[in-house]
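*Asks:* whatever this is, show me its structure:
(one chain, ligands or ions: 2)
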Amino acid sequence: MAISNNRLSKEQYAENFTDIHPPFETADAALVEANRCLFCYDAPCTKSCPTGINVPKFIKQIATDNIKGSAHTIFSSNIMGAGCSKVCPVEKLCEGACVYNLMEEEPIEIARLQRYATEKAMAGNWQLFQRKGSTGKKVAVVGAGPAGLSCAHVLAREGVDVTIYEKEGKGGGLMTYGIAAYKVTPQFCEDEVNYILGIGGIEVKYSQELGKDISLAELKKNFDAVYLGIGVGVARKLDIPGEKLEGVVDAIQFIYDIRAKGYPSVPVGDKVAVIGMGMTAIDAATQAKRLGAKEVTLVYRRTEAEKPCTDVELDIAKLDGCEVIWLAAPQKVKGSGGKVKQLVCSVMKLGEPDASGRRSPVDTGETFTMNVDMVIKAAGQVPFEKLVSKYKLDNTYGKLVVKDKASTNIKGVFAGGDAVNGGKEVVDAVQAGKDGAAAILRYLNIQ
Ligand SMILES: Cc1cc2nc3c(=O)[nH]c(=O)nc-3n(C[C@H](O)[C@H](O)[C@H](O)COP(=O)(O)OP(=O)(O)OC[C@H]3O[C@@H](n4cnc5c(N)ncnc54)[C@H](O)[C@@H]3O)c2cc1C
Ligand code: SF4
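*Replies:* Numbering: from 1, shown residues only. Ligands and ions are numbered 1, 2, ... in the order given. Below you'll find the predicted structure:
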């Protein structure tokens, strides 16, 4: 057993990491699907989209060959509509609400249709919005992730000059640095950021970190308002013995390396344990399997009923051949010669219900041991508690506290996205950016 980066041929790698949700092959196929739509009044799909995209309208526009109009409808509500069409967990959002589900028929392929229209807009660089005349106002946005970009785009549209400060060398946030390679490619993310910036009036200063290269006081002094879209921070530690052994890796780093370095630079184990059951854990597990690991086992301390990922995501992992162990909590990692050899887990059981009826897992005192050569930690991320506390921003364990959807306790400072909700989906961050922009426009008496 050993970690290796040479388990697949180049061809196998390309096949395993191909687009998980491929586009329509022909315009006719898109047209046929668009014409299946019942164009419901008070459409449940629109209500279930966190950005409130007018789904029946954009589908009708595709059906009448008005692709520009369709893309405009989508981008008016969600400027990352192209990215969202590839990464949204639609089974619990728009497509999950489609009335066809009640008739036990396949729901309309909303995301695929959304991809059809938005990809045409991006490929043709159709800039569908014009900036209003200058308001003379300047806003600083910290973080070029979905929340920051969405906020910046709305403000730019309204004639505000925006400067984004981003600590990394590229924009897109976790869309660029976190989401699995078979959902979005680095090139797509770059194209999407460029498309969003195409409106003008947004300058991005890369490699500029709040708290290191710039301070909140400076931003407050030099701008009329500040928006914090800094996301959530580093991976949560397991705090168990052996966590530093070679072969114990962080899921986000693992996923990022696959995207950034590609084949064959990212080593993977023969027998891999993935700790966690969220979207990050699923992405790490399926990608480990697709990189050629022989056995991949997801280890989760609760039961299937409490899993944070959706059934569809779990099915993807299972179809890829990943195993699951429920009610198991990692206790220690054992190694030899500095390398991982075993993962020891406590067997858990559900305890008595608390006041809210929730039953937390409790240790039974029994353990079991798995032979592994790689452990991937995907037990969530920890917010930037030190940073936000340093600036005396109200927070709960680092998660920023806002009122009226976006206002922090500091006048003129607004926030949204994962930094506030602790980690949801891209589409939620895009809506948070819109809410932030609306609050800033009200604060600056624009509109
Ligand atoms: C592994 C993984 C897989 C995921 N898969 C999906 C998926 O399939 N579908 C989905 O919808 N969502 C997915 N998500 C969630 C989604 O990526 C996030 O909800 C979304 O990116 C949040 O957007 P945001 O703008 O709030 O934060 P982020 O995307 O985290 O962006 C924050 C930005 O702020 C920058 N920043 C942070 N601190 C500072 C600072 N001090 N100074 C300057 N810049 C700073 C960061 O570099 C980053 O660019 C996934 C998340 C992870 C971790
Ligand atoms: S943004 Fe996501 S949730 Fe909203 S309609 Fe598009 S695919 Fe569905």
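*Asks:* can we go C-alpha only for contacts and neighbour counts from here?
*Replies:* OK.
*Asks:* what residues does the chain have near ligand 1?
*Replies:* The chain comes close to ligand 1 at residues 87-88, 142-148, 165-168, 171-175, 178-179, 208-211, 229-232, 252, 279-280, 417-419, 423-427, 429, as judged by C-alpha under 6 Å from any ligand atom.
*Asks:* from those residues, list the buried ones, please.
*Replies:* Neighbour-count burial (16 or more other C-alpha atoms under 10 Å) is assigned, among the residues of the chain next to ligand 1, to 87-88, 142-148, 165-168, 171-175, 178-179, 208-210, 229-232, 252, 279-280, 417-419, 423, 425-427, 429.
*Asks:* tell me which of the residues you listed fall in helices.
*Replies:* Of the positions in these, 87, 146-148, 174-175, 252, 279-280, 418-419, 426-427, 429 sit in helices, assigned by DSSP state H.
*Asks:* from those, pick out the ones that also neighbour ligand 2.
*Replies:* Val427.
*Asks:* nearest to Val344 among the ones in helices among the buried ones among the residues of the chain next to ligand 1?
*Replies:* Minimum distance to Val344 across those is 21.9 Å, recorded for Thr280 (C-alpha to C-alpha).
*Asks:* doesn't Phe254 make contact with the closest one?
*Replies:* No. At 10.3 Å, Thr280 does not count as touching Phe254 under the criterion of C-alpha atoms under 8 Å.
*Asks:* for stretch 224-242, how far is the first residue from the last?
*Replies:* Start-to-end span of stretch 224-242 (C-alpha to C-alpha, to the nearest Å) is 49 Å.
*Asks:* and for stretch 389-406?
*Replies:* Termini of stretch 389-406 sit 18 Å apart (C-alpha to C-alpha).
*Asks:* pLDDT of it, averaged?
*Replies:* In this model, stretch 389-406 has a mean pLDDT of 96.
*Asks:* buried ones in that stretch?
*Replies:* Across stretch 389-406, burial judged by 16+ other C-alpha under 10 Å covers Leu393, Asp394, Asn395, Gly398, Lys399, Leu400, Val401, Val402, Lys405, Ala406.
*Asks:* would you turn those residues into TSV with secondary structure?
*Replies:* Shown next, in TSV, are those (DSSP: H, G, I helix; E, B strand; the rest coil):
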residue	secondary structure
Leu393	coil
Asp394	coil
Asn395	strand
Gly398	coil
Lys399	strand
Leu400	strand
Val401	coil
Val402	coil
Lys405	coil
Ala406	coil
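*Asks:* send me the lowest-mean-pLDDT helix or strand in the chain as CSV with only the CA atoms.
*Replies:* Using mean pLDDT, DSSP states H and E, the weakest-scoring helix or strand in the chain turns out to be helix 10-16, at a mean of 77. Provided in CSV are the C-alpha atoms of helix 10-16 (Å, rounded to 0.1, in the frame of the first residue of the first chain):
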residue,chain,number,x,y,z
LYS,A,10,-3.9,10.0,-19.3
GLU,A,11,-7.0,8.8,-21.2
GLN,A,12,-8.6,7.2,-18.1
TYR,A,13,-8.0,10.5,-16.2
ALA,A,14,-9.6,12.5,-18.9
GLU,A,15,-12.6,10.2,-19.0
ASN,A,16,-13.0,10.1,-15.2
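*Asks:* tabulate the CA atom coordinates of stretch 48-67 in CSV.
*Replies:* Only the C-alpha atoms of stretch 48-67 are listed here, as CSV (Å, rounded to 0.1, in the frame of the first residue of the first chain):
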residue,chain,number,x,y,z
SER,A,48,-37.0,27.5,-4.8
CYS,A,49,-34.1,29.3,-6.4
PRO,A,50,-32.3,31.4,-3.7
THR,A,51,-31.7,34.1,-6.4
GLY,A,52,-35.3,34.0,-7.6
ILE,A,53,-34.5,33.5,-11.3
ASN,A,54,-37.7,33.8,-13.4
VAL,A,55,-37.3,30.2,-14.6
PRO,A,56,-40.5,29.9,-16.8
LYS,A,57,-39.6,33.2,-18.5
PHE,A,58,-36.0,32.2,-19.4
ILE,A,59,-37.2,28.8,-20.6
LYS,A,60,-39.9,30.4,-22.7
GLN,A,61,-37.3,32.7,-24.2
ILE,A,62,-35.2,29.6,-25.2
ALA,A,63,-38.4,28.0,-26.7
THR,A,64,-38.9,31.1,-28.8
ASP,A,65,-35.2,31.2,-29.9
ASN,A,66,-34.6,34.4,-27.9
ILE,A,67,-31.3,33.3,-26.3
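*Asks:* is that stretch in proximity to ligand 2?
*Replies:* Yes. Counting by C-alpha under 6 Å from any ligand atom, contacts between stretch 48-67 and ligand 2 involve Cys49, Thr51, Ile53.
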